[in-house]
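Novice: I'll drop the sequence and a predicted model, then ask my questions.
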Amino acid sequence: MIKKENIPNLLTLIRIVMIPLFLILTSFEGVAWHIVAAIIFAVASLTDYLDGYLARKWQVVTNFGKFADPLADKMLVMSAFIMLVGLGLVPAWVSALVICRELAVTGLRLLLVETGGEVLAAAMLGKIKTATQMFAVILLLCHVPFLGTAMLYISLFFTLYSGYDYFKGALFLFKDTFS
């Protein structure tokens with residue numbers, strides 16, 4: 001039997017395992033395959049919400065969860081954006097900006113930990129960014145072009161704005177860089 005306190009980590013692992021399945025389904029041609037991939041992506045996205053909710057509710061934050069949860073999120077979203085470029089549903093420059101922001105914020109978080117700074121928790125802008133990215137991916141995979149493209153550019157705005165917000169809050173790390 002699985003202990004209650006292990007369920008959030010199990011959900012994170014399930015999300016990671018779903019990524020290759022999502023990639024395989026997305027690589028098949030045809031709207032039906034893409035809709036199935038969108039469903040897999042949606043389920044994986046729900047595990048992102050659920051694992052965090054349960055970990056906070058049950059107060060079972062673990063080192064594995066702190067490491068694996070954000071990694072799983074980034075793996076899922078970055079994989080989706082790369083596949084959407086390959087399908088011709090997302091411009092490469094949009095995908096590149098999303099991936100660069102994710103890597104930059106991850107690097108910033110690592111730098112904060114290394115310097116003894118405060119760990120950056122996901123701010124509301126980051127949560128909006130994630131939600132809009134996930135909705136954009138689902139809509140685009142379901143071949144809902146107008147709404148999917150609109151959500152894509154809304155998510156791009158929140159991707160860049162939340163990245164700016166994270167860096168603005170950590171400017172103290174770079175105070176001696178250009179002096």
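Specialist: Nice, thanks for sending it over.
Novice: what distance do you get for Ala80 to Ile40?
Specialist: Distance, Ala80 to Ile40, by Cβ to Cβ, to the nearest Å: 10 Å. From N, CA and C alone the C-beta is placed, and that goes for glycine too.
Novice: between these two, what contacts are shared?
Specialist: Phe22 (Cβ atoms under 8 Å, 6 or more residues apart in numbering).
Novice: what are the contacting residues of stretch 55-71?
Specialist: 4-6, 8-9, 12-13, 16, 48, 51-52, 54, 106, 109.
Novice: just the buried subset of the residues you listed, please.
Specialist: Buried subset of the contacts of stretch 55-71 (neighbour count, 16 or more other Cβ atoms under 10 Å): 8-9, 12-13, 16, 48, 51-52, 54, 109.
Novice: so how far is stretch 91-111 off the chain centroid?
Specialist: 10 Å (Cα atoms, centre = their mean, to the nearest Å).
Novice: just stretch 36-44 next, same as before
Specialist: With Cα atoms, centre = their mean, you get 14 Å for stretch 36-44.
Novice: need the buried ones among the contacts of stretch 55-71 in TSV with secondary structure, distance to Leu139 and pLDDT, can you?
Specialist: Output for the buried ones among the contacts of stretch 55-71, formatted as TSV (DSSP: H, G, I helix; E, B strand; the rest coil; distance: Cβ to Cβ, whole Å; pLDDT from 0 to 100):
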residue	secondary structure	distance to Leu139	pLDDT
Pro8	helix	28	93
Asn9	helix	30	93
Thr12	helix	25	95
Leu13	helix	27	95
Ile16	helix	24	96
Asp48	helix	18	89
Asp51	helix	24	91
Gly52	helix	23	85
Leu54	helix	27	90
Arg109	helix	29	84
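Novice: closest one to Ala136 out of the residues you listed, please.
Specialist: Asp48 (15.1 Å; Cβ to Cβ).
Novice: and that closest one, what is it in contact with?
Specialist: So Asp48 contacts 15, 69, 72-73, 76, 130 (Cβ under 8 Å, 6+ apart).
Novice: report how many residues lie close to the closest residue to Leu139 other than its chain neighbours.
Specialist: Nearest residue to Leu139, sequence neighbours excluded (Cβ to Cβ, 6 or more residues apart in numbering): Gly148, at 3.5 Å. Applying other Cβ atoms under 10 Å, we find 20 other residues in the vicinity of Gly148.
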